[in-house]
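A.B. asks: Sequence isn't available, so here's the structure alone:
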């Protein structure tokens, strides 16, 4: 009887051991499957897509400063009025409307009132006047800028000073934003698709997408031509 009990206990322990081993094997299989599933979910690729456009500025601010000198204040103002008339006529003949022209009040300097008076001073008064064109007729303004020499022939010398630089702007960015974002995203997908093919995977859904800032730049030699670019960053799942 005692021997039978020992044999029975041994069989029980064997069955229990086999059950535990089988359970561990099954558990291991589930763990491995779960880890593989997690690894598969983590497979992804992050790419960037670029879109660029070259456009003509649609707004220009063109200042035309000039100076007048005289020893008589009234004569000085008469000279300013005459030059204003010459410049305005030049602009209107070139197609610039009156609404696009701003005539600023002149800044007059009395040189005798300054702390330092040069010995060779010929004129007591100096006036700086400026006429500013603000227009959407960018191409017309560019043509007029090339013809400034006609003002010199009439006695008006346009000053070339750093604080009176011509500026070109592009104000219609919102009109082209959607198309550029679509193009950048399409380019990003093409890069991701190529990566997926090379890695033996298939391209899945977008997990995350970030639109970069739009930038507008131009070359110093052609400031009226604007280069617009945007970069999108897209993360795709790989299946």
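C.D. replies: Arrived safely. A quick note: this is a predicted structure, and the numbers were derived from the prediction, not measured.

A.B. asks: helices or strands up against the one helix or strand residue 189 maps to?
C.D. replies: For residue 189, the host element (DSSP states H and E) is helix 173-198. The contact analysis (3 or more CB pairs under 8 Å, 6 or more residues apart in numbering; DSSP states H and E) places helix 173-198 against strand 44-56, strand 203-211, strand 225-238. For every residue, glycine as well, the C-beta is placed using N, CA and C.

A.B. asks: could the ones you listed be laid out in a markdown table, adding distance to residue 132?
C.D. replies: Formatted as a markdown table, those follow (distance: least, CB to CB, whole Å):
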| stretch | distance to residue 132 |
| --- | --- |
| strand 44-56 | 21 |
| strand 203-211 | 36 |
| strand 225-238 | 21 |
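
A.B. asks: CSV please, covering these and showing mean neighbour count.
C.D. replies: Putting the helices and strands packed on helix 173-198 into CSV (neighbours: other CB atoms under 10 Å) gives the following:
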stretch, mean neighbour count
strand 44-56, 16
strand 203-211, 13
strand 225-238, 18
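
A.B. asks: Indicate which one of the ones you listed is closest to residue 131.
C.D. replies: With CB to CB as the measure, strand 44-56 is the member of the helices and strands packed on helix 173-198 nearest residue 131 (23.9 Å).

A.B. asks: tell me the mean pLDDT for that closest one?
C.D. replies: Across strand 44-56, pLDDT averages out at 95.

A.B. asks: Distance from the following helix or strand past it to the middle of the chain?
C.D. replies: Using DSSP H and E, the helix or strand that follows strand 44-56 towards the C-terminus is strand 59-70. Relative to the mean C-alpha coordinate of its chain, strand 59-70 is positioned 30 Å out (CA atoms, centre = their mean, to the nearest Å).

A.B. asks: I'd like the next helix or strand past strand 59-70.
C.D. replies: With elements assigned by DSSP H and E, the helix or strand that comes after strand 59-70 is helix 73-93.

A.B. asks: Show me which parts of that following helix are buried, residue by residue.
C.D. replies: Neighbour counts over helix 73-93 (16 or more other CB atoms under 10 Å) mark 76-77, 79-80, 83-84, 86-88, 90-91 as buried.

A.B. asks: Who are the packing partners of that helix?
C.D. replies: With contacts defined as 3+ CB pairs under 8 Å, 6+ apart, the packing partners of helix 73-93 are strand 59-70, strand 101-103, strand 125-135, helix 149-153.

A.B. asks: got the angle between the longest one and helix 73-93?
C.D. replies: The directions of strand 59-70 and helix 73-93 differ by 150 degrees, with axes from the mean of the first three to the mean of the last three CA atoms, to 10 degrees as the criterion.

A.B. asks: Quick one: list the elements packing against strand 59-70.
C.D. replies: Strand 59-70 is packed against helix 73-93, strand 125-135, helix 138-146, strand 167-169, with contacts defined by 3+ CB pairs under 8 Å, 6+ apart.

A.B. asks: go on, the third one?
C.D. replies: Other helices and strands packing on strand 125-135, by 3+ CB pairs under 8 Å, 6+ apart, are strand 59-70, helix 73-93, strand 101-103, strand 107-110.

A.B. asks: Cheers, nothing more for now.
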